[in-house]
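> Based on what follows, work out the 3D shape:
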Amino acid sequence: MKRRAMAIDEEQPSIMDETVESLTDLDFFFWREDFPERYERQLIDGHTAPALGAYLGDVLVRRLGGTWVLRAKMEESQVRVGKRVWLPFLRARRYMQSRQSLLDYSLTQFFREVERYRP
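Residues are numbered from 1 along each chain as shown. From the prediction side, this is the model:
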């Protein structure tokens with residue numbers, strides 16, 4: 001039976017820092033917990049992925065000087081860093097598809113890619 005929500009901030013207190021290290025901690029936490037397979041898809045799609053997208057976007061804003069570009073649909077909102085825009089909600093949704101996608105769409109990898117394109 002799939003488990004319901006758990007308090008991630010209790011498991012990974014570093015997430016309060018909004019740093020690249022906190023993204024690495026989240027990558028490891030979700031992979032270790034086999035999160036996409038163990039938790040209800042409704043919970044992931046309705047709460048975890050959107051919250052993760054907002055968090056990822058906030059890290060880009062805070063650490064890379066990005067700016068939110070809000071859209072009518074939250075999941076279409078973007079973060080502008082330099083002359084490029086990035087889609088943290090889309091990344092989070094892809095990230096939460098499976099255990100393998102946690103590796104393929106790593107939050108840390110996404111941050112590093114945005115960092116490389118920063119002016």
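> Can you name the element that comes right after the longest helix seen in the chain?
The single longest helix within the chain, with elements called by DSSP state H, is helix 49-64. Counting by DSSP states H and E, the next helix or strand C-terminal to helix 49-64 is strand 67-69.
> neighbouring contacts of that next one?
Identification of contacts with strand 67-69 by C-beta atoms under 8 Å, 6 or more residues apart in numbering yields 57, 61, 77-81, 85. Bear in mind the C-beta positions are built from the backbone N, C-alpha and C, glycine included.
> go again using 6 Å as the cut-off
78-80 (C-beta atoms under 6 Å, 6 or more residues apart in numbering).
> again, but for stretch 88-106
Residues outside stretch 88-106 that contact it (C-beta under 6 Å, 6+ apart): 27, 30-31, 34, 36-37, 44, 49, 52-53, 56-57, 75, 79, 110.
> now do 7 Å
When contacts are defined by C-beta atoms under 7 Å, 6 or more residues apart in numbering, stretch 88-106 is touched by residues 27, 30-31, 34, 36-37, 44, 48-50, 52-53, 56-57, 60, 74-75, 77, 79, 107, 110.
> Now, of these, which are buried?
Neighbour counting by 16 or more other C-beta atoms under 10 Å classes 27, 30, 36, 44, 48-50, 52-53, 56-57, 60, 77, 79, 107, 110 among the contacts of stretch 88-106 as buried.
> quick one on the thing from earlier: point out the other helices and strands that the longest helix of the chain packs with.
strand 67-69, strand 78-81, helix 88-95, helix 107-117 (3 or more C-beta pairs under 7 Å, 6 or more residues apart in numbering; DSSP states H and E).
> winner for burial among the ones you listed?
For the helices and strands packed on helix 49-64, average neighbour numbers computed from mean count of other C-beta atoms under 10 Å are highest in helix 88-95, which has a mean of 22.
> Which positions within the helix or strand just after that helix qualify as buried?
Using DSSP H and E, the helix or strand that directly follows helix 88-95 along the chain is helix 99-104. Buried residues in helix 99-104, counting neighbours by 16+ other C-beta under 10 Å, are found at Leu102.
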